[in-house]
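Engineer: I'd like to go over a predicted model; first the sequence, then the structure.
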Amino acid sequence: MVEPPATSRTDARPPEGGGDRARVLHGHAAFAGLVLASGAAMAAAFGGLPLAVLAALSAAVLPALAAQVLRLGDGDRQRAGLIGLWAVSAAAAIVLTGGAAGPFAAWAAAPLAVAVALDRRRLISAGAALSLTVLAAGLVASLAGAGAPEPEALRLWLSLLATGTTLGALAAAILGAWKRRSDGRETAESAAARLEALLAEQPHFVMTLDVTGRVASGFGATPPGIEAGALFEQGLIAQAHHPDRPALQTALHRALAQGEAEAGFAPRRALDRWAALTVRRLDDGRLAGVLRDATWQHSRELSLEAAKSEAESQAAGKARFLAEMSHELRTPLNAVIGFSDIMRRQMFGPMPQKYAEYAQAIHESGGHLLDLINDVLDMSKIEAERYQLALETFDAREPVSAALRLVRLQAHEAEVSLRGVLPPEPLTVEADRRALKQMTLNLLSNALKFTPKGGSVTVTLRQDGAALELSVADTGVGIAPEDVQRLGRPYEQAGDAGQRARGTGLGLSLVRAFAELHGGAMALESTLGEGTAVTVRLPVVKADRRPPGGAEIIPLEGRR
């Protein structure tokens, strides 16, 4: 028979004081067999037994037979009933055979013997009380003149039977209890030995120590460069490289004060290695720690930190280079744009049509290149943390309206409807005027690039409490969900190759950067094939402003 495995600590433990049911049932059967065999032998020897003796023997056997029939269970109530039945049977046998002076007086101890055999602490005191009650009943019967069986030899054999069975039951119960206690101790010692062996074989060193680093106990393997004997003799702190000792001591104090802490150190006998300590405070105020070899992990962390520092240095150098180069390129580019503008306007006289077309192309290309350089310059300054906001107080409608006027021609050429929804009253803010205009231009430029003919672009400016909310919505091609999360980072673009060739990926990243410099944020919502809406919230509205009651719609139709 295979017993099911214990699933928890509670299941693995036997009930409190639980006896061996089979052993108790066997004891009851042996008692019943001994009493019945002895009664039969005495009946044959004495030519029969008195009716009172037969009744007493039957009463004594009744509890043993009842235990076999009911198959004794583990419940305290059932076992208490069995002890009570023994008390009644013993009292009946004693009263029927002369009371306390009769041959069965020894059976008064039967309830106590059964309680000890059942190994129930709560029932032993009840068994002792029932035994005293049975003895008292026998004394009362003796005083009442109850007669003992005759002849004298029969009384002697009956006394030997009662005394022997009672002493045997008590001895068996006491020996069983002692054996169970001994087995329990052996089991606990065996479990402790197995646990100690398991701790000794695990790859880390588990220990208890105090806040000074003195180790009281420990199991397991110590990291390279640290000997277990040195830990016990000199303490943990002494095993660390001198520069690492303050951090180790701080970790022990932090664990005692806060509950747990971690620290790392180089062993003084193996400076090329690295050990990690995890320490936690126990309920009794002591500290428990795990010491492990962390050389590989420490080397990896150092490599990652070095790579991160190198990457940050390279990024900062790139940003500085771009900022300087962009600044140097703007001066000659402004001359190219200026001269090409003079040529395309034919300010110094007419010129061949082909040259005029070339001048127009040079002017447009120069303007596009200047916009790109300006974006790169702004982004480089922001990444290098050199961009300074020029805060001033102004009406937010002014830079937004200026941006709308600048892109009106672009909207007309693209045959896209453009309109602005602005507050009818001044909306006073404290912000960077150029940055607000640049954000509006970038959002409008993106919207017009990716809105097909017949579409529309709407700019909305409004106040929401202390925040200025600028929104640009279009009915363009939209953005795929997998691209939405990437947009807003420098040089990130969405769409196919043709769409990406129409921009640099700096527009939205500049909008996000300018918004964050003002303490605000940018949000982007888009549905592929339906359009995109970008909203910028800036906490820049003057505190004495009240939200306007309406809005002024400024139509700037790009289509005629």
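Structural biologist: Now that the structure is in, tell me what you want to look at.
Engineer: rest of the way, CA atoms for contacts and neighbours
Structural biologist: OK.
Engineer: wait, what's in contact with residue 48?
Structural biologist: If you count contacts by C-alpha atoms under 8 Å, 6 or more residues apart in numbering, residue 48 has them with residue 42.
Engineer: A strand includes it, no?
Structural biologist: No. If the criterion is DSSP: H, G, I helix; E, B strand; the rest coil, then residue 48 is coil and not within a strand.
Engineer: let's have the chain start at 689 instead
Structural biologist: Done: numbering now begins at 689, and the last item shifts to residue 736.
Engineer: roughly how far does it sit from residue 837?
Structural biologist: Using C-alpha to C-alpha, to the nearest Å, residue 736 is found at 12 Å from residue 837.
Engineer: and for residue 1169?
Structural biologist: From residue 1169 over to residue 837 the distance is 105 Å, taken as C-alpha to C-alpha.
Engineer: which residues of this protein fall in strands?
Structural biologist: Using DSSP state E, the strands of the chain run over 893-897, 903-908, 948-953, 963-969, 975-981, 1079-1083, 1105-1110, 1116-1120, 1144-1152, 1155-1162, 1209-1215, 1219-1226, 1240-1244.
Engineer: worst mean pLDDT among those?
Structural biologist: Of all these, the minimum mean pLDDT falls on strand 1240-1244 (a mean of 54).
Engineer: out of the strands of the chain, which is closest to residue 1059?
Structural biologist: strand 1116-1120 (19.0 Å; C-alpha to C-alpha).
Engineer: how far off centre is that closest one?
Structural biologist: Centroid separation for strand 1116-1120 versus its chain: 45 Å, with C-alpha atoms, centre = their mean, to the nearest Å.
Engineer: alpha carbons of it, as CSV, please.
Structural biologist: Provided in CSV are the C-alpha atoms of strand 1116-1120 (Å, rounded to 0.1, in the frame of the first residue of the first chain):
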residue,chain,number,x,y,z
THR,A,1116,-2.0,85.2,-22.3
VAL,A,1117,0.8,82.7,-21.7
GLU,A,1118,4.4,82.7,-20.4
ALA,A,1119,6.4,80.6,-22.8
ASP,A,1120,9.0,80.7,-25.6
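Engineer: name the surrounding residues that touch it.
Structural biologist: With contact meaning C-alpha under 8 Å, 6+ apart, strand 1116-1120 is reached by 1077-1084, 1156, 1206, 1228-1230, 1233.
Engineer: now neighbour count and distance to residue 891 too, for those residues, in a markdown table please.
Structural biologist: Formatted as a markdown table, the contacts of strand 1116-1120 follow (neighbours: other C-alpha atoms under 10 Å; distance: C-alpha to C-alpha, whole Å):
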| residue | neighbour count | distance to residue 891 |
| --- | --- | --- |
| 1077 | 14 | 57 |
| 1078 | 11 | 61 |
| 1079 | 15 | 61 |
| 1080 | 11 | 65 |
| 1081 | 14 | 67 |
| 1082 | 17 | 69 |
| 1083 | 17 | 70 |
| 1084 | 25 | 67 |
| 1156 | 22 | 60 |
| 1206 | 19 | 54 |
| 1228 | 22 | 59 |
| 1229 | 23 | 62 |
| 1230 | 18 | 64 |
| 1233 | 14 | 68 |
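Engineer: and the residues you listed as JSON lines, adding distance to residue 978?
Structural biologist: Formatted as JSON lines, the contacts of strand 1116-1120 follow (distance: C-alpha to C-alpha, whole Å):
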{"residue": "1077", "distance to residue 978": "52"}
{"residue": "1078", "distance to residue 978": "55"}
{"residue": "1079", "distance to residue 978": "56"}
{"residue": "1080", "distance to residue 978": "59"}
{"residue": "1081", "distance to residue 978": "61"}
{"residue": "1082", "distance to residue 978": "63"}
{"residue": "1083", "distance to residue 978": "64"}
{"residue": "1084", "distance to residue 978": "62"}
{"residue": "1156", "distance to residue 978": "55"}
{"residue": "1206", "distance to residue 978": "48"}
{"residue": "1228", "distance to residue 978": "53"}
{"residue": "1229", "distance to residue 978": "56"}
{"residue": "1230", "distance to residue 978": "58"}
{"residue": "1233", "distance to residue 978": "61"}
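Engineer: ok so, going back, distance to residue 1129 added to the strands of the chain, as TSV?
Structural biologist: Converted to TSV, the strands of the chain look like this (distance: least, C-alpha to C-alpha, whole Å):
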stretch	distance to residue 1129
strand 893-897	64
strand 903-908	68
strand 948-953	52
strand 963-969	55
strand 975-981	58
strand 1079-1083	17
strand 1105-1110	13
strand 1116-1120	14
strand 1144-1152	11
strand 1155-1162	10
strand 1209-1215	15
strand 1219-1226	13
strand 1240-1244	15
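Engineer: and those: which comes nearest residue 753?
Structural biologist: When these are ranked by proximity to residue 753 (C-alpha to C-alpha), strand 903-908 comes first, at 55.4 Å.
Engineer: strand partners of that closest one, parallel vs antiparallel please.
Structural biologist: Using DSSP bridges, strand 903-908 pairs in its sheet with strand 893-897 (antiparallel).
Engineer: returning to that earlier point: from the contacts of strand 1116-1120, which is closest to residue 841?
Structural biologist: For the contacts of strand 1116-1120, the nearest to residue 841 is residue 1206 (116.2 Å; C-alpha to C-alpha).
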